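Enquirer: Predicted model and sequence follow; I will ask about them next.
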Amino acid sequence: MQTSQYPVNPLARILKRTCSMVGASAALAVLSHSAFAVCTYTVESEWNTGFVASITIKNDTAAPINNWSVNWGYANNRITGTWNANFAGSNPYTASNVSWNGNIPVGQSVSFGFQGNKNSATAERPTVNGAACGGAVASSAAPSSAPRSSVAPSSVPRSSAAPSSQPVISTSSSSSSAGYTVPTNNFAQNGGVENGLTNWSTTAGTVTRSTQDKRSGSASALISGRTANWHGLTFNVGSLVSGSQYDVAVWVKLAPGTPDSVVQLTAKRQDDNDSSTYNEYTQVATATASSTEWRLVQGYYTQSGATAFQHFIIEATDATISFYADDFSIGGQAPVVNSSSSRSSSSAPAAKKFIGNITTSGAVRSDFNRYWNQITGENEGKWGSVEGTRDVYNWAPVDRIYAYARANNIPVKAHTFVWGAQSPSWINNLSASETAAEIEEWIRDYCARYPDTAMIDVVNEAVYGHQPAAYAQKAFGNNWIQRVFQLARQYCPNSILILNDYNNIRWQHNEFIALAKPLAQGGYIDAVGLQSHELKGMTAAQVKTAIDNIWNQLQVPIYISEYDIGDTNDQVQLQNFQAHFPVFWDHPHVKGITIWGYINGRTWIEGSGLMSDNGTPRPAMTWLLNNYINK
């Protein structure tokens, strides 16, 4: 079939995570109270010419530290960009606190970071000196399992290393578990992990419901497979009321045999469109976790800012350790839910859903934004279209789509990164290692060029018997889907990552759920796409039952990704639209609908056009205009 596709900046996610929080480096040394803080230098990531590193100052003394300054130098490396500290010197370097991180309470840490040039050498790990560090100086190596090319120099924006405004930092310190009482109005749902993994997910890594260890009840959430310190468990509490303070807590325990490590609880608001600030993240609390006992991480968070709340994140500063979390709780003003609103009313979901469409014969028609508020390229963004010759990109058709979307303020969905069809023919002639490198390069370069991509069909038609990407399986093995999504997460951290498949409402319904379920539970996918080309003749009840089942099994948002009704009989097309479209529109977990073409004779499915080339609508289009479009 002729489905379509598209490509953030690989450093953006690291910056969004590390630049916005205190204590985001690995392997903090833990000592009893001494006269000095512990100063740790960590290489967060490196590539052939450069590196990103951080320095963490942990106050292991018996008194707060007020204002600090540290220094270090290199044999060959040099710094090119900095954040979260005032820097001076040009090797050796000095860094001192800024206004908001000069105070380090007992047991707490602050971190600052920088990007540098290796100057044809290795990423050095110098000793950190300074009055605060005294004799307690530590230097840590980069995690051995750090992903290759986790930061690509070619796509690092010059402005990203120097945020224009400081991140919001919570003043809460880590909590002792002694005497803590869960708030009586705790509104966290499934904080004890008793109802599967409802409301639990990950930023990256694998989350499982574990019965091997738990603080209470019968299970806990376990995260494994971490390769960076921002890989953490997430917990969804729903929306929060702006201006209200919340008491937030979770219990954590490290996997057996793991040395003590610092964990942190972070509040995350929805991403905004400003890549130069990092205010979406607020650290709530930190604590030193142990593998021998459950420890409390508790603090206070006040929802503020222009963007809505997204979720809480539980992370560890050691980039590779696994850990358990249990008994998440939150107390405070719960959001008001209008229980009287009816799902059958189109007014509630209308403000949040889009009705999109695709390009027409490789072009965006001048009347597109008259009807549609989301765009997907039919073929222009597919890998085979963009890179038909190895290492030679044809971005021009995709550039036109993004230029149009930006001018009209509508989201773009990329379709599709990895698919067994319409991929470049040369990919099949490469070795496994070369194929893996080319897949990563393709995803990286797309995301670097189009960092504002809203949604991505990362993997298309992977169900057995459809058109799975054999070349990706050759490159990455049986876990190829997980690896492709990890790459998309690494390079497109602000995009919604979708597993898209062919007509999973009607055909191979259970097979699709079986494929998608571990991906959803593992936090690899953000949503699923339900292609809907062959629904003609299905009743509203049948369609709703199928969508309900997919939601109940997967618990991730749903996109109707490729809807059309191919029939030259106007009434047949109209009747099917009238049966199916209200189900899509009213379903609380369907986030948007993309119709697959709208001009007669210029759609993939014969007879699926909605209007003539001169704009005369068919009855189904008139019905959409009267009931849904621009309403």
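Expert: Arrived safely.

Enquirer: And stretch 533-548, end to end?
Expert: In stretch 533-548, first residue to last residue: 19 Å (Cα to Cα, to the nearest Å).

Enquirer: for stretch 317-325, same thing?
Expert: Counting by Cα to Cα, you get 15 Å between the two ends of stretch 317-325.

Enquirer: cool, stretch 361-369 as well?
Expert: So stretch 361-369: terminal residues 17 Å apart, Cα to Cα.

Enquirer: Same check on stretch 518-534?
Expert: End to end - Cα to Cα - stretch 518-534 spans 26 Å.

Enquirer: residues of that stretch that come out buried?
Expert: 519-534 (16 or more other Cβ atoms under 10 Å). In short, each C-beta sits where N, CA and C put it, glycine included.

Enquirer: again, but for stretch 80-90
Expert: Quick answer for stretch 80-90 (16+ other Cβ under 10 Å): 81-85.

Enquirer: what does stretch 362-375 give?
Expert: 364-365, 368-369, 371-375.

Enquirer: and what of stretch 222-229?
Expert: Buried residues in stretch 222-229, counting neighbours by 16+ other Cβ under 10 Å, are found at 222-229.

Enquirer: Got the domain ranges for the protein?
Expert: 11-161, 200-331, 347-627 (automatic domain parsing).

Enquirer: list the contacts for residue 213?
Expert: Contacts for residue 213 (Cβ atoms under 8 Å, 6 or more residues apart in numbering) come out as 220, 222, 253, 324.

Enquirer: let's see 7 Å
Expert: Going by Cβ atoms under 7 Å, 6 or more residues apart in numbering, residue 213 touches 220, 253, 324.

Enquirer: helix, strand or coil for it?
Expert: At residue 213 the chain is in coil, as set by DSSP: H, G, I helix; E, B strand; the rest coil.

Enquirer: So it versus residue 322, what's the distance?
Expert: 11 Å (Cβ to Cβ, to the nearest Å).

Enquirer: how many other residues sit next to residue 218?
Expert: For residue 218, the count of nearby residues is 10 (other Cβ atoms under 10 Å).

Enquirer: would it count as being in a helix?
Expert: No: assigned with three-state DSSP, residue 218 falls outside any helix and is coil.

Enquirer: Which residue lies closest in space to residue 232, excluding its sequence neighbours?
Expert: Closest residue to residue 232 apart from its sequence neighbours, by Cβ to Cβ, 6 or more residues apart in numbering: residue 315 at 3.5 Å.

Enquirer: Can you identify the element that follows the host helix or strand of the one you found toward the C-terminus?
Expert: According to DSSP states H and E, residue 315 maps onto strand 309-316. Counting by DSSP H and E, the next helix or strand C-terminal to strand 309-316 is strand 323-331.

Enquirer: So in that sheet, which strands flank that following strand, and in what orientation?
Expert: In the sheet, strand 323-331 lines up against strand 220-224 (antiparallel), strand 245-254 (antiparallel) (DSSP bridges).

Enquirer: Can you lay out these as CSV showing mean pLDDT and distance to residue 388?
Expert: Below are these laid out as CSV (pLDDT from 0 to 100; distance: least, Cβ to Cβ, whole Å):
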stretch, mean pLDDT, distance to residue 388
strand 220-224, 94, 39
strand 245-254, 92, 49
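
Enquirer: Could you say which of those is packed most deeply?
Expert: strand 220-224 (a mean of 25; mean count of other Cβ atoms under 10 Å).

Enquirer: Show me where the stretch 1-150 of the chain has its helices.
Expert: 10-18 (DSSP state H, counting those that start in this stretch).

Enquirer: And the stretch 251-400 of the chain, by the same measure?
Expert: Counting by DSSP H, counting those that start in this stretch, the helices of the stretch 251-400 of the chain are 347-350, 368-371, 383-386, 396-408.

Enquirer: just those: most buried one?
Expert: Ranked by mean neighbour count under mean count of other Cβ under 10 Å, the helices of the stretch 251-400 of the chain are led by helix 383-386, which reaches a mean of 20.

Enquirer: ok now do the residue nearest to residue 232, which residues does it touch?
Expert: Neighbour list for residue 315: 229-230, 232, 263-264, 266 [criterion: Cβ under 7 Å, 6+ apart].

Enquirer: Which members of those are positioned in strands?
Expert: Counting by DSSP state E, the part of the contacts of residue 315 found in strands is 263-264, 266.

Enquirer: Could you report the distance from the residue nearest the centre of the chain to residue 606?
Expert: Per Cα atoms, centre = their mean, the C-alpha nearest to the average position across the chain is that of residue 493, at 4.6 Å. In this structure, residue 493 and residue 606 are 40 Å apart, going by Cβ to Cβ.
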